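Chemist: sequence and computational prediction follow.
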Amino acid sequence: MLGGAVKRVWIAALAGAVVLGGVACGGDDDEESTGSTASSTTVAPTTTLDEETRKEEAAKAAYLAYWDAYIRATANPVDPQLPAIQDLMTGDHQRVVTGDLEDRRAKGEATRLPPNSRLEHEILSADLQADGSVHITECEVNDAIVYNVASGVVINDDIVTKLATATMVDEADRWKVADSTVVRRWPGAVSCGE
């Protein structure tokens, strides 16, 4: 019996480590039917993330997925309706970004990353708000090259660093970018504190 309790603690600890790594989806991982509920109720609170942290982590993951999808949507051929990006935006932000992508496609422009790209989105903070949204602050290094698809002529190859904020909202159990604002920008790849 003691070996079973130790095994449950080890499994629960392992499940908690997986959740902390951002791999698990949550749920009932440490609820085993063993005939005894005492050990599972004592172990669970120490191995699961609290609701606030889970929401913040899920919002951060969705925010980074949004930027990955944005890079794909702006590459040749530019795709304003790419499901991967449309599914991660909402409201006015979705309308504005979709419009910008449509303008870029109409102009015959696309983006590509240079060899050894320094593109980075470092989330500095993610804070759950009273209204249930998550406020994100990030430092972005952007070295994407904007070019004319037909001629190959480079339109913009500046490297910039931006301090930005975003609001993530949960719509039907899916985190989406509701707005995004650049607070400050610097030329080159620098730390946002410089």
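Modeler: Okay, I see it.
Chemist: mind giving me the domain ranges of this structure?
Modeler: 2-49, 52-187 (automatic domain parsing).
Chemist: so which of those gets nearest residue 193?
Modeler: domain 52-187 (8.4 Å; CB to CB). In this view, the C-beta of every residue, glycine as well, is placed from N, C-alpha and C.
Chemist: output the below-cut-off pLDDT ranges for this structure.
Modeler: Along the chain, the model assigns pLDDT under 70 to residues 1-48, 194.
Chemist: and stretch 55-71, how far out from the chain's middle?
Modeler: 1 Å (CA atoms, centre = their mean, to the nearest Å).
Chemist: what are the buried residues along that stretch?
Modeler: 55-60, 62-67, 69-71 (16 or more other CB atoms under 10 Å).
Chemist: which ones among those map onto helices?
Modeler: Among the buried residues of stretch 55-71, the members found in helices (DSSP state H) are 55-60, 62-67, 69-71.
Chemist: for residue 89, state which of the residues you listed is nearest.
Modeler: Once CB to CB is applied, the member of those that ends up nearest residue 89 is residue 66, at 7.0 Å.
Chemist: the residue nearest to that closest one when sequence neighbours are not counted and residue 191, how far apart?
Modeler: Counting by CB to CB, 6 or more residues apart in numbering, residue 66 lies nearest to residue 88, which is 4.2 Å off, once chain neighbours are set aside. Residue 88 sits 27 Å away from residue 191, going by CB to CB, to the nearest Å.
Chemist: cheers, nothing more for now.
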